[in-house]
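1. model the structure of this input:
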Amino acid sequence: MKQILLSFSALILCSNVLAQQTGDYTLTIATTESTLNGDSLDIYFHVPSTYNSSLPSKMILGFHGLGNPDNSNDIRNYLSPLGDSLNAVIVCPNPYLQDQPRSEVVLNLAYDSVMTWFNIDTNQVYITGYSAGSDVAAQYFFGEPSHKMKGLIWHSPGFFFNPDLSNPQDIPPVCLCTGTADFTSIIQTNLLNNSLNGAGFPYLYNQIPGVDHTMEYPTLTQEMLECIHFIDANTPNVGIDEWSKNPVSIYPNPLTEGLNLTLSGLEGNVSISIFDVSGKAVWSEQLYHVSDKVELADFRRGISAGLYTFILHSENGILAKKLVVR
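-> Have a look, this model is predicted:
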């Protein structure tokens, strides 16, 4: 592992050289940010061997907790296989746990620094954390973030933070990821699941059988990939620039047996076409004089479990949305 000490200005000057390297690094930035009381900023990151500085890459911001992992080096190591699977740069700055204002300064400094160093797609940035670090990530995500994230993986919540869900249209996908034997988080997890489920934005509760309050378990990468794939499936990847006016939500997502599908944010005459992963059209309907919400009560007939794409046509343009059916 390499450790590099730079001032913020030196980081910018050296970025072209450093961005060509892959592997594990520790970056220490000397900063004059008054909120940090003269402290330097340590960033631990993993750059996959497939990283190509000429192509935009994904980025995953991760924060350690007070348990295991309890430092940025360890959480970077746990997340590194995930970065390799996704060709994503793993970035793990040292937070000030239980000091959210300073943690957010660290988060923003790390984000801005990495953007000068690597070729990162700003629409492909995920945020996660463990225990107290997951709450640092969640408070930033649900607050007024300086940088929008594609999605949140809230892993093993550590403190009682209740997010503001008053405007679900503004909330990107969230995956609450915790072990069934995690008695440290069980009370907060149950409260969060009750409030997040059906709140009107894409949400997945990913329970890991037999796992306690830790990220040190064999299926971590698999479970994190499930969360990442859920976030990706519920993020519009095509058509977003063509759609105007109201944002559109599809919920519940994932859709499980016995529930009806609801679309909100529609107006006027809307044509809906639904395609499976092979590109085959499996369902279509023309809606007239819609005002905001539509419930598709008969949608599940003939629709099996899987990932589907909704294509919506209206006077507002064309929009694609993803839906997971279970």
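2. so after the worst-scoring helix or strand of the chain on mean pLDDT, what's the next helix or strand?
-> Taking mean pLDDT, DSSP states H and E as the measure, the helix or strand of the chain with the lowest value is helix 8-18, at a mean of 42. Stepping forward along the backbone from helix 8-18, the first helix or strand reached (DSSP states H and E) is strand 23-30.
3. which elements pack onto that following strand?
-> Other helices and strands packing on strand 23-30, by 3 or more C-beta pairs under 8 Å, 6 or more residues apart in numbering; DSSP states H and E, are strand 2-7, helix 8-18, strand 41-47, helix 72-86, helix 100-117. C-beta coordinates here come from the backbone N, C-alpha and C atoms, glycine included.
4. so that strand versus strand 41-47, what angle?
-> Here strand 23-30 runs at 160 degrees with respect to strand 41-47, directions being taken by axes from the mean of the first three to the mean of the last three C-alpha atoms, to 10 degrees.
5. partner strands of strand 23-30, parallel or antiparallel?
-> Partner strands for strand 23-30, per DSSP bridges, with pairing direction: strand 2-7 (parallel), strand 41-47 (antiparallel).
6. pLDDT of the shortest one, averaged?
-> It refers to strand 2-7. This predicted structure assigns strand 2-7 an average pLDDT of 48.
7. can you offset everything so residue one is 25?
-> That works, and once the first residue is 25, the last one we named lands at strand 26-31.
8. so which of the helices and strands packed on strand 47-54 gets nearest L285?
-> Comparison of the helices and strands packed on strand 47-54 against L285 by C-beta to C-beta identifies helix 96-110 as nearest, at 28.8 Å.
9. any buried residues in that closest one, and which?
-> By neighbour count, with 16 or more other C-beta atoms under 10 Å as the criterion, the buried positions of helix 96-110 are 96-108, 110.
10. give me the distance from the helix or strand following it to the chain's centre.
-> Note on helix 96-110: by DSSP H and E, the next helix or strand toward the C-terminus is strand 112-117. From the chain centre to the centre of strand 112-117 is a distance of 13 Å (C-alpha atoms, centre = their mean, to the nearest Å).
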